[in-house]
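K.L.:
The following block contains a protein sequence and its predicted model.
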Amino acid sequence: MTEQELIRREALAKLRELGVDPYPAATFEVTAMAADIVANYQEEILEDGTKNRLNFQEVALAGRVMASREAGKALFMNLQDSSGRIQLYLRKEEINGGKEDSPMFDAVVKKLLDLGDFIGVKGFAFKTKTGEVSVHVQEFTFLSKSLRPLPIVKRDADGNIFDAFTDPEARYRMRYVDLTVNPSFREIFIKRSKLIKTMRSYLDDLGLLEVETPVLQPIHGGAAARPFVTHHNTLDTTLYLRIANELYLKRLIVGGFDGVYEFAKMFRNEGMDRTHNPEFTALEFYVAYKDYHWMMDVTEQMLEKVARALHPDGASTAEFDGQVLNFAGPYRRLTMYEAISEYTGLDVETATEADLRAYCKREHIEIDATMGKAKLIDEIFGEKVEANLIQPTFLIDYPVEMSPLTKVHRSKPGLVERFELFVNGKEVANAYSELNDPLDQRARFEEQLQLAARGDEEAMALDEDFLRALEYGMPPTAGIGFGIDRLCMLFTGQASIQEVLFFPQMRPEK
RNA sequence: GAUCUCGUAGCUCAGUCGGUAGAGCACUUGACUUUUAAUCAAGGAGUCAUGGGUUCGAGUCCCAUCGAGAUCACCA
């Protein structure tokens, strides 16, 4: 144990000796928040020059002590609650309750109270002679003793920051410390909550039903990714943590719900980097009797609402890496073929597989012999186009081979009715006119099985029960999935997914 | 998975050519009845990520391991 930790444990023991419970059980009734007092305290100066305090004259606050400045028989502290910080002013005679021999001020407050401890105070708001709104404490209660020193960040009058707690490893492993001492990171998570709340309320207004579907699945369908595998003892069977919930949500459309949505944790047993975490959050929703054109309109409306809800001035924009992204619709709609033509000059519609291979070779795009035309197109898109799609852009009409759950295009042979939304060069949503032809769906699954047989680890598994559901009949349906973490990154200006997850995956300590 | 960078006090960091481990904040003791990065005085605090090697001598050089970050690869 470090010296400072030992000192705190001794302080804990001494508090108990003095009859102060460091961890009391009783409710402490909080009646005011720090930020509210600081923002709204009012006083007036009367004609005779005396001050008249107008509000917050009986307040009770609770929080952590984040700074302490002794001044003889008085003491200033900064108290931090969930709303922010406020200065406290304590005087010996009041804290001691007028009793000469009381240990409360000299022993308890000045010696045994440490930075990071939780306290409750009662008193009245006032302005110090330097003009800072503060609370004059008349009653003081210990609420919880902290046994480890917090890496408290200091800030001077000009806003310069000292000793910022910045080590990413320590911040992610001890998010509780990060959140306590780094208020700017708190804001990211508040925005995340607001983003989800805005989406949920938009979908509720559309009349969709929020549902829950299994995380433990016997067949990991709906996407192409390596799953986490687990085992159920009673059933003695292998189960997978879901890589997607798409096939379950569609079963609910089959069952007669016209619109369903789920905010769902997904699990993919793949690499980690600044845009991938093994578990991440998706929003998926499916609406009967709609197509992907309708879904593009809805996406524009929803994201504009989100942008305005998160922007401090209610604007439809977000700033990322110096770029101003505008989420007000309509977004640019570009077919896959148009996009490639625009950024490479290639006409992929008429090009042969050999033409595309030659192009990739010339442009040093890595390919292998097993790739068909569709896969080559996808590679070229990824290398040459994707990074250019900064403002929200719908990329539409993909080759059928890459989209086993998507309905074939109503007029363009070889393509499917699919779009992906790109923002800042990254995919943030993926949507289809859902494939509801059960025979076509079976054929597509079988193609995937052939890919798997050829060694494609990410080919989609065949789900007999899902096919049975489609055979009973699914109405025409539009569906979409959003990467919530990546949206959060965009709206909070964060380059790393770890900054928008409370507890990003880390290697075990030690 | 590959490459690069990093790991020193609770936090942020310095540490020269290989020669007794440093600073600020935090902490301890004392002073101070409106301070605010409070101030002033004194003091304590370290398995230099871990293990090995080279050397008379390693925080420093070499190797391995662990952890983190970045870039790349992979990845709906």
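P.N.:
On my side now, so go ahead. Numbering: from 1, shown residues only, chains lettered A, B, ... in the order given.
K.L.:
From here on, just use CA atoms for contacts and neighbour counts.
P.N.:
Fine.
K.L.:
in the stretch 351-500 of chain A, which ranges drop under the pLDDT threshold?
P.N.:
Within the stretch 351-500 of chain A, the stretches falling below the threshold (pLDDT under 70) are A:455, A:457-458.
K.L.:
and it, which residues reach RNA strand B?
P.N.:
A:Glu366, A:Met402, A:Ser403, A:Pro404, A:Leu405, A:Asn430, A:Glu458, A:Ser496 (C-alpha under 7 Å from any atom of the strand).
K.L.:
rerun at 10 Å
P.N.:
Residues of the stretch 351-500 of chain A lying near RNA strand B by C-alpha under 10 Å from any atom of the strand: A:364-368, A:379, A:382-383, A:398, A:400-406, A:418, A:420, A:426-432, A:456-460, A:480-483, A:494-499.
K.L.:
In strands only, show me these.
P.N.:
Those of those mapping onto strands are A:398, A:418, A:420, A:426-432, A:480-483, per DSSP state E.
K.L.:
Tell me how many other residues crowd whichever residue of the stretch 351-500 of chain A sits closest to RNA strand B.
P.N.:
Distances between the stretch 351-500 of chain A and RNA strand B by C-alpha to the nearest atom of the strand are smallest at A:Ser403, namely 3.9 Å. When neighbours are counted by other C-alpha atoms under 10 Å, A:Ser403 registers 18.
K.L.:
do A:Tyr202 as well
P.N.:
Quick note: A:Tyr202 (other C-alpha under 10 Å) scores 18 neighbours.
K.L.:
now the helices for chain A?
P.N.:
A:3-17, A:34-40, A:92-95, A:168-173, A:175-181, A:183-205, A:246-254, A:292-310, A:336-344, A:353-362, A:373-380, A:438-453, A:464-472, A:484-492 (DSSP state H).
K.L.:
Give me whichever of those is most buried.
P.N.:
helix A:484-492 (a mean of 23; mean count of other C-alpha atoms under 10 Å).
K.L.:
so what does that one touch, helix or strand wise?
P.N.:
helix A:183-205, strand A:279-288, strand A:317-320, strand A:426-433 (3 or more C-alpha pairs under 8 Å, 6 or more residues apart in numbering; DSSP states H and E).
K.L.:
can you list contacts of it?
P.N.:
A:188, A:191-192, A:195, A:275, A:280-283, A:307, A:310, A:318-320, A:428, A:494-497, A:499-501 (C-alpha atoms under 8 Å, 6 or more residues apart in numbering).
K.L.:
Surely A:Glu70 touches A:Tyr89?
P.N.:
No: if you go by C-alpha atoms under 8 Å, A:Glu70 and A:Tyr89 don't touch, sitting 10.1 Å apart.
K.L.:
More neighbours: these two, which one.
P.N.:
When neighbours are counted by other C-alpha under 10 Å, A:Glu70 and A:Tyr89 differ, and A:Tyr89 comes out ahead with 22 against 11.
K.L.:
wait, A:Asn52 sits on A:Glu43?
P.N.:
Yes: between A:Asn52 and A:Glu43 there is a contact at 5.5 Å, judged by C-alpha under 8 Å.
K.L.:
State the mean pLDDT of stretch A:188-208.
P.N.:
In this model, stretch A:188-208 has a mean pLDDT of 97.
K.L.:
Next: stretch A:281-301.
P.N.:
For stretch A:281-301, the mean confidence score works out to 97.
K.L.:
Just give the closest residue to the closest residue to RNA strand B within the stretch 101-250 of chain A, not the sequence neighbours.
P.N.:
Closest to RNA strand B within the stretch 101-250 of chain A is A:Thr128: 3.2 Å, counting by C-alpha to the nearest atom of the strand. Of all residues not flanking A:Thr128 in the chain, A:Ser134 sits nearest, at 6.9 Å (C-alpha to C-alpha, 6 or more residues apart in numbering).
K.L.:
Could you tell me which residues make contact with that neighbour?
P.N.:
A:Ser134 neighbours (C-alpha under 8 Å, 6+ apart): A:Val38, A:Ile86, A:Gln87, A:Leu88, A:Tyr89, A:Ala125, A:Phe126, A:Lys127, A:Thr128.
K.L.:
again with A:Ala67
P.N.:
Contacts of A:Ala67 (C-alpha under 8 Å, 6+ apart): A:Met77, A:Asn78, A:Leu79, A:Leu115.
K.L.:
and it, what are its bridge partners?
P.N.:
For A:Ala67, the beta-bridge partners are A:Asn78 (DSSP bridges).
K.L.:
ok, now how distant is it from A:Ile380?
P.N.:
56 Å (C-alpha to C-alpha, to the nearest Å).
K.L.:
How far does stretch A:111-131 stretch from one end to the other?
P.N.:
End to end - C-alpha to C-alpha - stretch A:111-131 spans 28 Å.
K.L.:
can you pull the buried residues of it?
P.N.:
A:112-127 (16 or more other C-alpha atoms under 10 Å).
K.L.:
show me the contacts for the closest residue to A:Gly207 other than its chain neighbours.
P.N.:
In space, and not counting its chain neighbours, A:Gly207 is closest to A:Gly259: 7.2 Å by C-alpha to C-alpha, 6+ apart. By C-alpha under 8 Å, 6+ apart, the residues touching A:Gly259 are A:Gly207, A:Leu208, A:Leu209, A:Ile253, A:Phe285, A:Tyr286, A:Val287, A:Ala288.
K.L.:
Ok, A:Lys51 next?
P.N.:
Counting by C-alpha under 8 Å, 6+ apart, A:Lys51 has contacts A:Glu43, A:Glu44, A:Ile45.
K.L.:
Spit out the contact partners of A:Tyr248.
P.N.:
A:Tyr248 touches A:Thr213, A:Pro214, A:Phe466, counting by C-alpha under 8 Å, 6+ apart.
K.L.:
switch the cut-off to 10 Å
P.N.:
By C-alpha atoms under 10 Å, 6 or more residues apart in numbering, A:Tyr248 lies in contact with A:Glu212, A:Thr213, A:Pro214, A:Gln217, A:Gly221, A:Gly222, A:Val254, A:Phe466.
K.L.:
Can you tell me how far the nearest residue to the last one once chain neighbours are set aside is from A:Ala453?
P.N.:
The spatially closest residue to A:Phe466, leaving aside those adjacent along the chain, is A:Leu247, at 6.6 Å (C-alpha to C-alpha, 6+ apart). Using C-alpha to C-alpha, we find A:Leu247 at a distance of 22 Å from A:Ala453.
K.L.:
before we move on, what about A:Phe280?
P.N.:
From A:Phe280 to A:Ala453 the distance is 29 Å (C-alpha to C-alpha).
K.L.:
Also A:Val423?
P.N.:
35 Å.
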